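>>> Build me a structure from this.
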Amino acid sequence: MLFSILIFDEPDTAALRDEYRQRHLDYLKEFDRQTLFAGPFTTDDESADLGSLRLIEFPDRAAAEQHVADEPYVTGGVQKRWLIHRWKPAVPYTWRDCPRTEGNIQALFHGLDKPGSEAAREANREAHEAYLVEHGDSVVCRGPMFADDGASHAGSVLLMDVPDMAAGRALLESEPFFKAGCYGDITFHRWRFGRVFDRYKL
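Model prediction:
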């Protein structure tokens, strides 16, 4: 099964991140084949890393949790907070074949649904899908998150390929689920492909 894993850096850990970076990269190398997407999210100007997102396959939640527990950034104290959710891709791309435009940047949206937002989701589902299909050239990856039962919606993940962060915000703010107020806890940041992409750059 697939999981969305969002991990947050602790404040003032840039030097510690540098110290553990190679161990982190070596660790992720072990998971290349099961990784759909991986990379850090950053400040808008990319001057500082703020955490990381992984869309990755594991047999169960326990394996996903163990993957995070053994992550060198976690064991080294760079990262202490994370969110793990079941996830389902809505488009077939991975980091190997996703659409990109030369000169564009990538942006990450990770939104957890507000309690009781299922009705708003259902009412806006067709408009949501049509909007993202219409803007498919700007969508690297997207899909819903679920609770552990695999049925109850928990939120959405969207990776965008856009000229700049302003364009990414405009795309997001017109998205029907976002406009309908489905999301409560929102993470929206610049994002970049991690080592798995750099190693196999097209």
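>>> CA only for contacts and neighbour counts going forward, please
Will do.
>>> List the beta-bridge partners for the residue most central in space within the chain.
The chain has residue 53 as the residue nearest its centroid, 4.4 Å off, counting by CA atoms, centre = their mean. Judged by DSSP bridges, the bridge partners of residue 53 are residue 6, residue 39.
>>> Wait, it touches residue 40, no?
Yes - counting by CA atoms under 8 Å, residue 53 does reach residue 40; the two are 6.2 Å apart.
>>> quick one on the thing from earlier: tell me who's in contact with the residue nearest to the centre of the chain.
If you count contacts by CA atoms under 8 Å, 6 or more residues apart in numbering, residue 53 has them with 4, 5, 6, 7, 37, 38, 39, 40, 41.
>>> can you redo those as CSV with neighbour count?
CSV is the format used below for the contacts of residue 53 (neighbours: other CA atoms under 10 Å):
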residue, neighbour count
4, 26
5, 21
6, 21
7, 22
37, 23
38, 25
39, 17
40, 24
41, 29
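>>> Can you tell me which of those residues is nearest residue 87?
Set against residue 87, the nearest of those by CA to CA is residue 4 (5.7 Å).
>>> Per-residue pLDDT of that closest one, please?
Here the pLDDT value assigned to residue 4 is 98.
>>> ok, now residue 198?
49.
>>> pretty sure residue 96 belongs to a helix, no?
No - using DSSP: H, G, I helix; E, B strand; the rest coil, the assignment for residue 96 is coil, not a helix.
>>> Just give the number of residues close to it.
A total of 13 residues lie near residue 96 under the criterion other CA atoms under 10 Å.
>>> again, but for residue 61
17.
>>> now the one 4 residues further on
With neighbours defined by other CA under 10 Å, the count for residue 65 comes to 15.
>>> what's the answer for residue 49, then?
Neighbour number of residue 49 under other CA under 10 Å is 18.
>>> Next, give phi and psi for the residue lying closest to it once chain neighbours are set aside.
Spatial nearest neighbour of residue 49, chain neighbours left out: residue 42 (4.3 Å); criterion: CA to CA, 6 or more residues apart in numbering. With angles defined as degrees, to the nearest 10, residue 42 sits at phi -140, psi 180.
>>> is it true that residue 42 touches residue 50?
Yes - using CA under 8 Å, residue 42 is in contact with residue 50, at 5.0 Å.
>>> any idea how far the residue nearest to residue 49 lies from residue 58?
26 Å (CA to CA, to the nearest Å).
>>> Can you list the low-confidence ranges for this structure?
195-202 (pLDDT under 70).
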